[in-house]
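1. Mind looking at a prediction? Sequence and model below.
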Protein chains: 2
Amino acid sequence: MVTETFVVVGGDAAGMSAASKAKRDEPDLEVVVFERGEWVSYGACGLPYYIKGEIQSLEDLVSVTPEEFREERDIDLRTGHEVVEVDPGSETVTATDDDGERVVQGYDHLLFATGASSVVPPFDGTDLEGVYTLGSMSDGRDLRDFVARSRESSPADQPDRGPACQYLEQCVGPVAVVGGGYIGIEMAEALAANDFEVHLFQRGNRVLKGFSEATSEVVADHLDAQDVAVYLDAEVEAFEGDRRVRAVVAGDDRVPVEMVLVGTGVDPRIDLAVDAGVDLGPTGAIATDEFRETNLPDVYAAGDCAEAEHVVTGEPVWVPLALTANRHGRAVGQTVAGDPTEGGGVAGTAAVKAFDVEAARTGVLDPGTAREAGFHPVTRTIEAKSRSGYYPEGGTVTVTLTADRETERVLGASMVSEYGEGAVHRSHAIVGALTEGATVDELADYDLAYAPPFNTTWDPVLTAAKVLAGEL
Amino acid sequence: MVTETFVVVGGDAAGMSAASKAKRDEPDLEVVVFERGEWVSYGACGLPYYIKGEIQSLEDLVSVTPEEFREERDIDLRTGHEVVEVDPGSETVTATDDDGERVVQGYDHLLFATGASSVVPPFDGTDLEGVYTLGSMSDGRDLRDFVARSRESSPADQPDRGPACQYLEQCVGPVAVVGGGYIGIEMAEALAANDFEVHLFQRGNRVLKGFSEATSEVVADHLDAQDVAVYLDAEVEAFEGDRRVRAVVAGDDRVPVEMVLVGTGVDPRIDLAVDAGVDLGPTGAIATDEFRETNLPDVYAAGDCAEAEHVVTGEPVWVPLALTANRHGRAVGQTVAGDPTEGGGVAGTAAVKAFDVEAARTGVLDPGTAREAGFHPVTRTIEAKSRSGYYPEGGTVTVTLTADRETERVLGASMVSEYGEGAVHRSHAIVGALTEGATVDELADYDLAYAPPFNTTWDPVLTAAKVLAGEL
């Protein structure tokens, strides 16, 4: 047989998972990956901890190096190559390398794994020095450099710098985080741990708006207790400064800052695919079938640039998170290697550590979204001890559970606890229930593990299910 | 309507759950509970931590006091009353109180919630002073008294007492734990924490035999690292001593000890039910239908004295654990109150903390049991990091997963990690999959929560599922 070629555009989670799986399952396949940057297969989720200083080297975030992909996995990985055109008619991609040289590469199978890019909000001053986003490894390096420079010029043991340092007795300087999602919150932790005075601006009326209100409240209270100044319903209008950013303006507030981290979300990178004639879905990301194939035959899309179907609603959703990118990339690799594989749907599950608190959410929590999908959502929130009441340690788990009134099916959950008290791992029970279409009564009957150092006899998840079942 | 009477025999988890739920849902019901002891509704699972010294009072283990049941819940609770006969013909129970007075009480609905009793092994010396079991609150008090007395007479700061103290530089005296199940292991921890030199005797070739071999190995290695002397394949033949126990004899070993804790399992308390004409099931515990009703109409059995159906095999099993007792007791209460309720099956899920290690198991792991139920079990064990590899903290989760070769259905799992690294809560995902009859591929596609402080992108559960799926 003639050797087939699998071309991957984008060398992060989805792209490298696909490339690796395809080559492993079908060694005769020629696998070519174009990556415009220098880094591949890196753990972007670890960047806040690198900036915080808990991870010492950017290289630590790389799970497999370019050399390993090339030499051990026999993948033709071309870093520093930006794909500028995909032509499905001739089945070729055109890329330019860092020297401006053009390369044309034919393909039999193609994967768009172009990821997502940080949203830059549409107001003045986003181009000032000292305004950062956090999407790439180089963003991470820039932020860590900023932290290091600031700490050098303002050692933590110097006395209060003045009125700006209103929250900490000693601090490096006021900084702003715009956006109260996980990147914003993880960066607030990273910056506060480096003694910065952190001001967090959130447009809506709560942080972590994809989680339940109860979760948002616990996290916001904790941010407050950690001396992060949280501004809710804060519509940022501009960043002010001459060359460098000097202040954030939001309504009546004008907060002097030395740096701004913009974490207002990401957009799918879809231009290349659109130019090639690939259809987008209702969310604005690339539409795919259950095999992640686009409207063009043998052209796939996976990861942060693509949609996936929600396990509860069955509707296409766009949830740009790491596990889905890995799972769907791997499934595409398997499919391309000759074993058609569905990668499974998404539940929109997410987890976050916020200082000494942990939170997770999964499924459908928003009443509007639930109603659009034909459900009649009923929601209850309970608080329960994280370990047996008589056990000497432990904290509180707050569980919000949503179900459909008619079918009594579990639709979604959000939970929060002290860090280490298990809100995140406990959410695993709900993901199973959601994915399997279990009712609240069925969930309440799950024979979950129990021992005093881990939970009460009824794990908080079961207590939430019992309480919600009583309301249906 | 004429007031109906619901009589409960046994006032612990199943009995008091049933009584409380029945009375709450149907306040007109007369609810009478006979309990031969003085304690009701207590957390026996907490006894090892009371003996360890982490819980200060036995009362702390009581979730609801007798007074609260009587006064707040309007339940006719008769402690110090032992039921000596149940007559289904006349629908009466006969009890004797502590003064020997007989009471005859009619019933419309009856629940056997008589629990289980510690097995006393059939060899010499089990009646010596210093030989304990751990089943009841008074056992717990006796053991704590023993610990306190020993520590007083042998303060922890006195020098080595001689050859018996071979494992610790300072210790109170050698003691034996017979049985390597959870009670044995929790008690080994409780005793070691009080500076005893602990010798643990296990009849089989591994501790925690209901868990996977990989789990047993990790736990045994950890016990060893904690200076517990573990004797495997140790058939204890006798306890020696004159009035007090002085040694444990097992094969060629004769180990001098000052105390023995026998934790060789429990038997269901079924005599009263058998005398009343209630049928037992194949396991020797009381047989029930899915509503926990016995062969006698309106006569129920729940908790440690009764069988339940396994969610994987559908077969009756006897798994005497706290959550099932609570859940099935509650279901009987609801049924008796007029709302017939199945309590759900059991997955045989169990969790244990062993010093600084935690472990959980669920479902069917034993190949023989799986084959008897018509499955062809395939098992794989993986080791994975508990948090992202680059995250500064974390440990190792070892996951054993078993599935059926034909249907690819998940049958069971066992996992172990450092304490706090989430083996127990992660098992929640497997319980969902087992209960819902998910395949390994479906489990591998679960959209579980991920963030670097909590797991790798693929949670260890997912990695195990991927690896096992590759073998099917």
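-> Good, I have the coordinates. Numbering: from 1, shown residues only, chains lettered A, B, ... in the order given.

2. contacting residues for A:S150?
-> Counting by CB atoms under 8 Å, 6 or more residues apart in numbering or on different chains, A:S150 makes contact with A:172-173, A:194, A:196, A:258-259. For every residue, glycine as well, the C-beta is placed using N, CA and C.

3. tally of neighbours for the closest residue to chain B within the stretch 151-300 of chain A?
-> Nearest residue of the stretch 151-300 of chain A to chain B: A:Y182, at 7.5 Å (CB to the nearest CB). A:Y182: 23 surrounding residues under other CB atoms under 10 Å in any protein chain shown.

4. show me the contacts for it.
-> Taking CB under 8 Å, 6+ apart as the test, what A:Y182 contacts is A:208, A:350, A:352, B:451.

5. Just the closest of the contacts of A:S150 to A:T133, please.
-> The closest of the contacts of A:S150 to A:T133 turns out to be A:M259 (CB to CB; 12.1 Å).

6. Please report how far A:P256 lies from A:D304.
-> Using CB to CB, to the nearest Å, one gets 35 Å for the distance from A:P256 to A:D304.

7. Name the helix or strand for A:L47, please.
-> A:L47 belongs to helix A:47-52 when assigned by DSSP states H and E.

8. Show me what that helix is in contact with.
-> A:55, A:58, A:60-61, A:134, A:137, A:139-140, A:143-144, A:147, A:183, A:186-187, A:189-191, A:193-194, B:390-392, B:452-453.

9. What subset of these is buried?
-> For the contacts of helix A:47-52, a burial check counting by 16 or more other CB atoms under 10 Å in any protein chain shown picks out A:55, A:58, A:60-61, A:134, A:137, A:139-140, A:143-144, A:147, A:183, A:186-187, A:189-191, A:193-194, B:390-391, B:452-453.

10. re earlier: which of A:P256 and A:D304 has more neighbours?
-> Counted by other CB under 10 Å, A:P256 and A:D304 do not tie: A:D304 has more neighbours, with 27 against 16.

11. ok, that one touching A:A116?
-> Yes: the criterion here is CB atoms under 8 Å, and A:D304 meets it with A:A116 at 3.8 Å.

12. Could you tell me which residues touch both of the two?
-> A:266, A:268-269, A:320.

13. among the residues you listed, who's most crowded?
-> The shared contacts of A:D304 and A:A116, ranked by neighbours (other CB under 10 Å): first place A:P268, 25 neighbours.

14. returning to that earlier point: mind picking the two most distant members of the shared contacts of A:D304 and A:A116?
-> The farthest-apart pair in these, when distances are taken by CB to CB, is A:R269 and A:P320, at 10.2 Å.

15. picking up where we left off before, what mean pLDDT does the helix holding A:L47 have?
-> For helix A:47-52, mean pLDDT rounds to 97.

16. buried sites along the next helix or strand after that helix?
-> Next helix or strand after helix A:47-52 toward the C-terminus (DSSP H and E): helix A:66-71. For helix A:66-71, a neighbour-count test (16+ other CB under 10 Å) marks A:66, A:69 as buried.

17. elements contacting helix A:66-71?
-> Contacts defined by 3 or more CB pairs under 8 Å, 6 or more residues apart in numbering or on different chains; DSSP states H and E place helix A:66-71 against helix A:13-25, strand A:76-79.

18. Out of those, the one nearest A:V467 is which?
-> Once the helices and strands packed on helix A:66-71 are compared by CB to CB, helix A:13-25 is nearest, at 37.7 Å.

19. quick one: contacts of the closest one?
-> Taking CB under 8 Å, 6+ apart as the rule, helix A:13-25 contacts A:6, A:8-9, A:11, A:29, A:31, A:33, A:35, A:40-41, A:64, A:69, A:73-75, A:77, A:111, A:113, A:115, A:300, A:302-304, A:306, A:322, A:325-330, A:332-334, A:336-339, B:457.

20. which among the residues you listed end up buried?
-> Judged by 16+ other CB under 10 Å, buried ones among the contacts of helix A:13-25: A:6, A:8-9, A:11, A:29, A:31, A:33, A:35, A:40-41, A:69, A:75, A:77, A:111, A:113, A:115, A:300, A:302-304, A:306, A:322, A:325-330, A:332-334, A:336-337, B:457.

21. hang on, the earlier thing: tell me how far the helix holding A:L47 is from the chain's mean position?
-> The chain centre lies 15 Å from the centre of helix A:47-52; the measure is CA atoms, centre = their mean, to the nearest Å.

22. Restricting to C-alpha, output it in CSV.
-> Provided in CSV are the C-alpha atoms of helix A:47-52 (Å, rounded to 0.1, in the frame of the first residue of the first chain):
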residue,chain,number,x,y,z
LEU,A,47,1.6,28.1,34.2
PRO,A,48,0.0,29.8,37.2
TYR,A,49,2.1,27.5,39.5
TYR,A,50,5.3,28.4,37.5
ILE,A,51,4.5,32.1,37.9
LYS,A,52,3.8,31.4,41.6
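
23. I figured A:V278 was touching A:F112, is that so?
-> Yes: shown here, A:V278 and A:F112 form a contact pair, counting by CB under 8 Å, at 7.0 Å.

24. Would you mind telling me which of the two has more residues around it?
-> Taking neighbours as other CB under 10 Å, A:V278 and A:F112 compare with A:F112 leading, 31 against 24.

25. quick one, phi/psi of the more buried one?
-> phi -80, psi 110 (degrees, to the nearest 10).

26. A:G106 - nearest residue in space that isn't next to it in sequence?
-> A:T92 (5.1 Å; CB to CB, 6 or more residues apart in numbering or on different chains).

27. can I assume A:V207 is in contact with A:L223?
-> Yes: counting by CB under 8 Å, A:L223 is a contact partner of A:V207 at 7.1 Å.

28. Common neighbours of these two, please.
-> Jointly contacting A:V207 and A:L223 under the rule CB under 8 Å, 6+ apart are A:185, A:200, A:230.

29. For the last one, give me its contacts.
-> Listed by CB under 8 Å, 6+ apart, the contact set of A:V230 reads A:180, A:200, A:202, A:207, A:220, A:223-224.

30. again, but for the second one
-> Contacts were defined as CB under 8 Å, 6+ apart; by that measure A:L200 touches A:176-178, A:180, A:184-185, A:188, A:207, A:223, A:228-231.

31. Beta-bridge partners for it, please?
-> A:V177, A:V230 (DSSP bridges).

32. Looking at it now. What's its pLDDT?
-> Looking at A:L200, the pLDDT reads 98.

33. How about the one 4 residues further on?
-> Here, the pLDDT recorded for A:G204 equals 94.

34. Report whether it is found in a strand, as I expect.
-> No: counting by DSSP: H, G, I helix; E, B strand; the rest coil, A:G204 falls outside a strand, being coil.

35. okay but it is in contact with A:L232, surely?
-> Yes: taking contacts as CB under 8 Å, A:G204 lies within contact range of A:L232: 7.3 Å.

36. where's the residue in the stretch 251-400 of chain A that chain B sits nearest to, which helix or strand?
-> Proximity of the stretch 251-400 of chain A to chain B (CB to the nearest CB) peaks at A:G344, 2.8 Å away. A:G344 belongs to no helix or strand when assigned by DSSP H and E.

37. Kindly state the pLDDT recorded for the residue nearest to it when sequence neighbours are not counted?
-> Leaving aside its sequence neighbours, A:G344 sits nearest to B:D445 (CB to CB, 6+ apart; 2.8 Å). At B:D445, the pLDDT value in this model is 97.

38. okay, now B:D445: neighbour count?
-> Neighbours of B:D445 (other CB under 10 Å): 25.

39. phi, psi of it?
-> phi -90, psi 0.

40. Quickly note the distance from it to B:E372.
-> Counting by CB to CB, the gap from B:D445 to B:E372 is 30 Å.

41. Which of the three states applies to the residue of chain A at minimum distance from chain B?
-> Distances between chain A and chain B by CB to the nearest CB are smallest at A:G432, namely 2.2 Å. Here A:G432 is helix, with the state taken from three-state DSSP.

42. now do A:V86
-> strand.
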